[in-house]
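Trainee: any chance you could fold what I've pasted below:
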Amino acid sequence: MPIVSIPAPDALQRLAEFDAVIDARSQSEYAEDRLPGAINWPTLNDAERALIGTEYKQVSPFTARKRGAVLAARNIAAHIEREGMDKPKDWTPLVYCWRGGQRSGSLATVLSAIGFRVHLLEGGYREYRRAVIAALEALPQRFDFRVVCGTTGSGKSRLLQQLAESGGVQVLDLELLANHRGSVLGLVPGSPQPGQKQFESRVWDALRRFDPARPVIVESESKKVGDLRVPEKLIERMRASPCIRLELSLEGRVQLLIEDYDFFVRDTDTFCSRLDALRVLRGNDVVNGWQEAARAGRTREVVRDLLVSHYDPVYLQSMKRNFTGFAQPLLDLEWDGSAVSLDAAARQVAALA
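Mentor: Here you go, the predicted model:
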């Protein structure tokens with residue numbers, strides 16, 4: 001069965017047609033970023049790549065290629081024995097490596113020789129990455145966004161989650177894609193953010209699935225979610241879009257944050273360590289006071305003061321400056337923190353969307 005070479009833009013439009021997307025790069029390359037849904041069949045693993053690279057430079061390219069062929073053959077055989085023996089003859093994988101060269105070519109050759117309908121991504125991951133960057137320049141302009149605005153702890157993320165779970169509404173949850181809750185305290189302990197490239201792949205993958213004829217609901221993020229930059233054209237489009245304002249009482253917001261950040265309630269040392277990041281903005285005396293109160297078990301008091309004296313003023317100033325629709329929202333929503341009230345708010349947004 002001949003190998004079909006396919007350009008990256010065409011492959012990205014046809015991803016759903018392939019039974020599997022196989023990344024032939026090493027584990028570390030795969031971990032940094034990959035095509036959506038790709039599985040990892042390394043033709044050479046990280047240690048083997050390093051070994052071959054050393055031999056190539058210090059011994060000779062010919063010696064390195066011989067060793068590489070031996071290692072690649074063993075690895076490809078193991079992958080097929082482990083993952084390929086149950087595949088039917090019409091199984092259609094898309095295979096790629098860094099540049100669409102030797103690693104993916106070797107794997108594709110063996111799979112094709114077996115009789116599978118193999119497609120090879122032209123230019124490999126490098127061309128995929130270029131296609132994603134180009135798409136992130138163009139895709140945001142195709143959609144009408146509705147931006148959920150609200151002070152810290154007002155339940156914006158909960159509303160997006162409710163809308164996503166209820167179905168029928170297109171939701172772009174950037175904090176979910178970035179694995180971060182969008183503030184100094186937003187990184188979940190023990191759960192690191194993806195890298196910038198993988199975050200952009202996740203955003204592109206979400207956008208490509210939306211229907212341009214229907215609005216997309218998104219939260220009012222800043223240019224960065226944790227350490228990750230939101231694509232420039234997307235943030236520009238969001239800031240020029242109509243807003244939906246979500247409001248919750250101060251005590252309701254304190255309770256919501258206590259629930260959502262319960263790991264900080266349980267781990268006071270980590271909470272206090274995160275508060276250190278605010279010393280430049282709030283000063284040592286204020287931060288020391290928050291830390292002392294937290295260690296004394298007065299976490300609720302600290303959260304309330306963080307909202308009133310830090311987060312609320314910063315957020316409102318940023319929203320007024322950056323989001324043109326903030327002053328005159330399409331919809332003003334008030335809820336009381338209960339599941340019933342959140343569902344009612346979600347239904348109003350769904351009707352608008």
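Trainee: list the buried ones in stretch 136-154?
Mentor: Neighbour-count burial for stretch 136-154 flags 136, 139-140, 143, 145-154 (criterion: 16 or more other CB atoms under 10 Å). In short, each C-beta sits where N, CA and C put it, glycine included.
Trainee: list just the nearest of those to residue 14.
Mentor: Nearest to residue 14 among these is residue 139, at 17.0 Å by CB to CB.
Trainee: just list the residues touching residue 316, thanks.
Mentor: Residue 316 is in contact with residue 151, counting by CB atoms under 8 Å, 6 or more residues apart in numbering.
Trainee: go again with 10 Å.
Mentor: Contact partners of residue 316, counting by CB atoms under 10 Å, 6 or more residues apart in numbering, are 149, 151, 326.
Trainee: quick check: the gap between residue 334 and residue 312.
Mentor: 16 Å (CB to CB, to the nearest Å).
Trainee: so for the two, which sits in the more crowded spot?
Mentor: residue 312 (16 against 13; other CB atoms under 10 Å).
Trainee: pLDDT on the strand or helix carrying that one, on average?
Mentor: Element membership of residue 312, judged by DSSP states H and E, is helix 312-322. For helix 312-322, mean pLDDT rounds to 94.
Trainee: note down every partner strand of the helix or strand following that helix and its orientation.
Mentor: Per DSSP H and E, the first helix or strand lying C-terminal to helix 312-322 is strand 331-334. With DSSP bridges as the test, strand 331-334 is paired with strand 243-247 (parallel).
Trainee: which of the buried residues of stretch 136-154 sit farthest apart?
Mentor: 139 and 153 (31.0 Å).
Trainee: by contact count, what packs against the lowest-mean-pLDDT helix or strand in the chain?
Mentor: Ranking every helix and strand in the chain by mean pLDDT, DSSP states H and E puts helix 262-266 at the bottom, with a mean of 84. Counting contacts by 3 or more CB pairs under 10 Å, 6 or more residues apart in numbering; DSSP states H and E, helix 262-266 is packed against helix 250-260, helix 268-275, helix 299-306.
Trainee: CA atoms only for that helix, dumped as CSV, please.
Mentor: What follows is helix 262-266, C-alpha atoms only, in CSV (Å, rounded to 0.1, in the frame of the first residue of the first chain):
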residue,chain,number,x,y,z
ASP,A,262,-9.8,24.5,49.6
PHE,A,263,-6.2,23.2,49.1
PHE,A,264,-4.9,26.5,50.3
VAL,A,265,-7.2,26.3,53.4
ARG,A,266,-5.6,22.9,54.1
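Trainee: that older thread, now the contacts of residue 316 as CSV including pLDDT?
Mentor: Converted to CSV, these look like this (pLDDT from 0 to 100):
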residue, pLDDT
149, 97
151, 95
326, 95
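Trainee: for residue 165, state which of those is nearest.
Mentor: residue 149 (21.2 Å).
Trainee: buried sites along stretch 154-174?
Mentor: So, applying 16+ other CB under 10 Å, buried residues of stretch 154-174: 154-164, 169-174.
Trainee: what's the single longest helix in this structure?
Mentor: The longest helix of the chain (DSSP state H) is helix 61-79.
Trainee: which is the succeeding secondary structure element to that helix?
Mentor: strand 93-96.
Trainee: now that next one: mean pLDDT?
Mentor: Computed over strand 93-96, the average pLDDT equals 98.
Trainee: list the strands paired with that strand, with their directions.
Mentor: strand 20-23 (parallel), strand 119-121 (parallel).
Trainee: to residue 253, which of the ones you listed lies closest?
Mentor: strand 20-23 (42.3 Å).
Trainee: CA atoms only: put the closest one into CSV for me.
Mentor: C-alpha atoms of strand 20-23 as CSV (Å, rounded to 0.1, in the frame of the first residue of the first chain):
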residue,chain,number,x,y,z
ALA,A,20,-4.9,7.3,14.7
VAL,A,21,-2.4,10.1,14.7
ILE,A,22,1.0,8.8,15.6
ASP,A,23,3.9,10.9,16.8
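Trainee: phi first, then psi, for residue 296.
Mentor: Main-chain dihedrals, residue 296, degrees, to the nearest 10: phi -90, psi 0.
Trainee: please apply the same query to residue 219.
Mentor: The phi/psi pair for residue 219 (degrees, to the nearest 10) reads phi -90, psi 150.
Trainee: list the beta-bridge partners for it.
Mentor: Beta-bridge pairing for residue 219 (DSSP bridges): residue 148.
Trainee: was I right about it contacting residue 182?
Mentor: Yes - using CB atoms under 10 Å, residue 219 is in contact with residue 182, at 7.7 Å.
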